[in-house]
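Asks: structural data only, the sequence is not supplied:
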Ligand SMILES: [Zn+2]
C-alpha cells in the first residue's frame, strides 16, 4: 500500500480491487503452509498423549449447544459438562473449526469425518478416498499399527458415516456391509451402535456371518444393555449391536421402560468402551458419536435434539472424569458440521416467553419419528387432540391446516411435515430453524489434556488429523 495514503479505507474501485487481490495472492503464495491442512505449522514441542477420546455431536449448531446448556442451568442449576469445561478448566483449548469438504462448502458427515480420519479433504459422500482416487490410511488404522487399541461408539448404525470415517476407505458411505467387513479386517477392538443387519448372515447380501467371524477373532457380542454390562469389564474386544437401525432417539428411549432396560445410553456405552480399552498397554484411540443430534436437526425436532444433546453431554461427563483421573488422555469435543440451523430465539414481550418455551419443549415425551406416523394414520377428527397431546401445546385448527392437513386434501409428505412442524413449534418452544439440511458455519471445537495446546484458535478439519497423529506419535 502507499504509505502516504491516509489510514482510512479507500473506496473499492475496480483498480484497487485488483491491486488488493494481487497483494492477497502474493501473501498467500508466501505462506502456503498455513493454507493447507496437511502442512500444519511445526510446533517447537508438542506434548504427547497416550490415549485419544474424540467426541462428536453430529450436526450440532451453536444453538443446540446453548439449548442443552441453558436447560441444565434452569432445571439443575448446573452447566453442561461441555460448558463446565470452559468455565473451570484453564488448560482447555477452544477453537472454531472450518468444516468444508473437498468439493463443497457444506460437508456431509462422511467427508467431514474423513478430514479428521485421514487428514485430507474428500468429496461429499465418500470415506477416506481422495478426489484423485488415493486411499490414505485412517486414524484408527495408524493407531493400530502403533499397537494401540481402537474403538467406535455411536447412537447411529455402527457402520454409519462418522464412525466409518475413522476406520474405512470406501467410495460411498452407503455400503455399510463393506464397512462392517473393513472393521473386522482392520481389527477395530470395540464397536457399539445399531445396524445389526449389516453383520448378520441372513440379512447380508454376501451371506457372510460376521458375528461368527468377530467371535472367532476373540470378540464378545452384546445385544442388550445388561449383556454389555456383564462383559465389558472382563473383555477387551466387544461388538455391541443394540438395534436393527439407529438406536432410538433419547427422547423416545427415556419414555419407554422396555427400551431403557434393553438399549444402553451413549454414556453407558462410553463407560463400557472405556472399561474395555483402558486395559490397553500401548494406549487407545476411541471415537464417540452422538449421531442422532444430526437427525433431529434434519427433522427440525427441538425436543428430540435437546435430549440427544443432553445424552451426548452425559457421555462427555464420563470421558472427562476418566481423563482427569489419568492425565495421559487427550479429549476432543466437537461436531462435524451444523444441521438444521437450530437457534434459541427471543420469544414474547421482553423475551419473557423464551424460558417457558424451552421448558415446554423439554417436557415433550416423543420424537416426530415416533408420533408423526401416528398423526398421519389417524382419522381427521382425531388429529388435533393427538397433536396437542404429543406436543403439549394448544395447537389451533388453523395451525393444523397450516401443517398441510386440509379437509379432503392429500396428506402432507413426511419431509414437508417435519419442516412445517419446526416452523409451527418455533412459536411455542422458542427454538428456530434455518433449514432441514446441513449448514456451513465454523463450529465449536474443544481440546483438553496433553497436546491440546497444539490446536490453533481457527483450525481446518483436515489439519485436526495431523495434530492428532503428532500428539499421539503415530
Ligand atoms: Zn446429516
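Replies: Ah, there it is. Keep in mind that this is a model prediction, so the values were computed, not measured.
Asks: in what helix or strand does residue 112 lie?
Replies: Counting by DSSP states H and E, the element that carries residue 112 is helix 109-118.
Asks: and the pLDDT for the residue of the stretch 51-200 of the chain found nearest the ion?
Replies: Nearest residue of the stretch 51-200 of the chain to the ion (C-beta to the ion) works out as residue 59 at 5.0 Å. The way it works is simple: take the backbone N, C-alpha and C, and place the C-beta from them, glycine included. At residue 59, the predicted lDDT confidence score is 98.
Asks: ok, it - contacts?
Replies: Residue 59 makes contacts with 109, 293-295, 297-298, 335-340, 438, as judged by C-beta atoms under 8 Å, 6 or more residues apart in numbering.
Asks: give me the PyMOL select line for these, limited to the buried ones.
Replies: Selecting only the buried entries of the contacts of residue 59 in PyMOL, with 16 or more other C-beta atoms under 10 Å as the criterion:
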select buried, resi 109+293+294+295+297+298+335+336+337+338+339+340+438
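Asks: what is the nearest of the contacts of residue 59 to residue 90?
Replies: Taking C-beta to C-beta as the measure, residue 90 sits nearest to residue 335 out of these, at 23.6 Å.
Asks: quick check: mean pLDDT of stretch 381-388?
Replies: 97.
Asks: buried set for it?
Replies: 383, 384, 386, 387.
Asks: again, but for stretch 97-109
Replies: Result for stretch 97-109 [16+ other C-beta under 10 Å]: buried residues 97, 98, 99, 100, 101, 102, 106, 107, 108, 109.
Asks: any idea of the pLDDT on whatever residue of the chain ends up closest to the ion?
Replies: Nearest residue of the chain to the ion, counting by C-beta to the ion: residue 294, 4.1 Å away. Reported pLDDT at residue 294 in the predicted model: 98.
Asks: specify the local secondary structure of it.
Replies: With DSSP: H, G, I helix; E, B strand; the rest coil as the basis, residue 294 sits in helix.
Asks: how far away is the residue of the stretch 51-200 of the chain closest to the ion from residue 119?
Replies: Look at residue 59 and residue 119: by C-beta to C-beta, to the nearest Å, they are 22 Å apart.
Asks: after the least confident helix or strand in the chain by mean pLDDT, next one along is what?
Replies: Every helix and strand in the chain was compared by mean pLDDT, DSSP states H and E; the lowest is helix 14-30, with a mean of 47. Sequence-wise, the next helix or strand downstream of helix 14-30 (DSSP H and E) is strand 51-57.
Asks: residue 167: neighbour count?
Replies: Using other C-beta atoms under 10 Å, residue 167 has 28 neighbouring residues.
Asks: near the ion, which residues of the stretch 251-400 of the chain show up?
Replies: 294, 339 (C-beta under 5 Å from the ion).
Asks: how about the helices in the stretch 251-400 of the chain?
Replies: 257-262, 266-277, 292-299, 302-326, 354-363, 368-377, 380-391, 397-402 (DSSP state H, counting those that start in this stretch).
Asks: now the terminal residues of stretch 289-309, how far apart.
Replies: 11 Å (C-alpha to C-alpha, to the nearest Å).
Asks: quick check: domain ranges of the chain?
Replies: 51-342+436-472, 359-432 (automatic domain parsing).
Asks: redo those as a markdown table? Include distance to residue 351.
Replies: What follows is those, written out as a markdown table (distance: least, C-beta to C-beta, whole Å):
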| stretch | distance to residue 351 |
| --- | --- |
| domain 51-342+436-472 | 13 |
| domain 359-432 | 9 |
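Asks: which of the ones you listed is buried the deepest?
Replies: Across these, averaging neighbours per residue (mean count of other C-beta atoms under 10 Å) puts domain 51-342+436-472 on top, at a mean of 21.
Asks: for residue 430, what are its contacts?
Replies: Neighbours of residue 430 in contact, by C-beta under 8 Å, 6+ apart: 344, 345, 346, 347, 353, 354, 355, 357, 358, 361.
Asks: let me fix that, I meant to ask about residue 159.
Replies: With contact taken as C-beta under 8 Å, 6+ apart, residue 159 is in contact with 176, 177, 179, 180, 183, 193, 195, 198.
Asks: ramachandran coordinates for the closest residue to the first one other than its chain neighbours?
Replies: Nearest in space to residue 176, with sequence neighbours left out and distances taken as C-beta to C-beta, 6 or more residues apart in numbering, is residue 159 at 3.9 Å. With angles defined as degrees, to the nearest 10, residue 159 sits at phi -100, psi 20.
Asks: any residue of the longest strand seen in the chain up close to the ion?
Replies: Secondary structure of the chain read by DSSP state E shows that its longest strand is strand 149-157. No: residues of strand 149-157 are not located near the ion by C-beta under 5 Å from the ion, the shortest gap being 10.0 Å.
Asks: got the contact list for the helix or strand following that strand?
Replies: Going down the chain from strand 149-157, the next helix or strand is helix 161-164, by DSSP H and E. The contact list for helix 161-164 (C-beta under 8 Å, 6+ apart) reads 56, 58, 108-110, 113, 127, 152-154, 156, 170, 173, 176, 179, 182, 191, 193, 287, 289, 291, 336.
Asks: off-centre distance for helix 161-164?
Replies: For helix 161-164, the separation from the chain centroid amounts to 10 Å (computed by C-alpha atoms, centre = their mean, to the nearest Å).
Asks: could we number from 10 for the rest of this?
Replies: Renumbered: residue one is now 10, and that last one reads helix 170-173.
Asks: and residue 63, what is it in contact with?
Replies: 125, 175, 294, 295, 296, 297, 341, 343, 477.
Asks: if we use 10 Å, what do you get?
Replies: 125, 148, 175, 294-298, 328, 339-343, 456, 473, 477 (C-beta atoms under 10 Å, 6 or more residues apart in numbering).
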